[in-house]
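Chemist: no FASTA, just this:
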């Protein structure tokens with residue numbers, strides 16, 4: 001059995017980017033997390049100890065995005081996915097990281113990197 005916890009459009013201010021000015025000035029980053037696990041025990045017990053506490057996941061994501069620095073969205077996304085797999089009962093995680101301000105000479109809403117990991 002598998003369940004999903006979806007955390008959509010979390011917004012954090014981080015200092016990630018290839019260019020020095022990006023790592024100095026910072027900007028907003030948006031993160032989605034899709035976390036798969038067998039949560040049938042939690043459904044039966046109605047006990048937070050038997051599930052993935054998404055308030056803890058949110059705090060962990062916030063800590064990484066706001067307090068660590070990565071040049072690449074790929075590295076940030078990989079780190080988040082691995083962290084969730086290591087700290088929860090998740091069996092599969094998909095992380096999407098969006099960066100709205102990128103050094104591309106043309107109009108676009110954002111660049112997004114998606115990482116999928118399984119335990």
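Modeler: On my side now, so go ahead. Small disclaimer: the values here were computed from a predicted structure and weren't measured.
Chemist: and the nearest residue in space to residue 101 that is not next to it in sequence, what does it touch?
Modeler: If you skip the residues right next to it in sequence, residue 101 has residue 27 as its closest partner in space, 5.1 Å away by C-beta to C-beta, 6 or more residues apart in numbering. Where you see a C-beta, it was placed from the backbone N, CA and C, and this is true even at glycine. Residues in contact with residue 27, defined by C-beta atoms under 8 Å, 6 or more residues apart in numbering, are 13-14, 17, 99-101.
Chemist: cool, residue 60 as well?
Modeler: For residue 60, the set of contacting residues under the criterion of C-beta under 8 Å, 6+ apart consists of 83-84, 87.
Chemist: May I see these organised as JSON lines, with pLDDT added?
Modeler: Compiled in JSON lines, these are given as follows (pLDDT from 0 to 100):
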{"residue": "83", "pLDDT": "98"}
{"residue": "84", "pLDDT": "98"}
{"residue": "87", "pLDDT": "98"}
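Chemist: Need those in JSON lines (columns: neighbour count, secondary structure and distance to residue 116).
Modeler: Formatted as JSON lines, the entries for the contacts of residue 60 read as follows, by neighbours: other C-beta atoms under 10 Å; DSSP: H, G, I helix; E, B strand; the rest coil; distance: C-beta to C-beta, whole Å:
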{"residue": "83", "neighbour count": "17", "secondary structure": "helix", "distance to residue 116": "14"}
{"residue": "84", "neighbour count": "23", "secondary structure": "helix", "distance to residue 116": "12"}
{"residue": "87", "neighbour count": "12", "secondary structure": "helix", "distance to residue 116": "17"}
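Chemist: Now do the buried residues in the lowest-mean-pLDDT helix or strand in the chain.
Modeler: Taking mean pLDDT, DSSP states H and E as the measure, the chain has helix 20-25 as its least confident helix or strand, at a mean of 94. If you call a residue buried by 16 or more other C-beta atoms under 10 Å, then helix 20-25 has these buried ones: residue 22.
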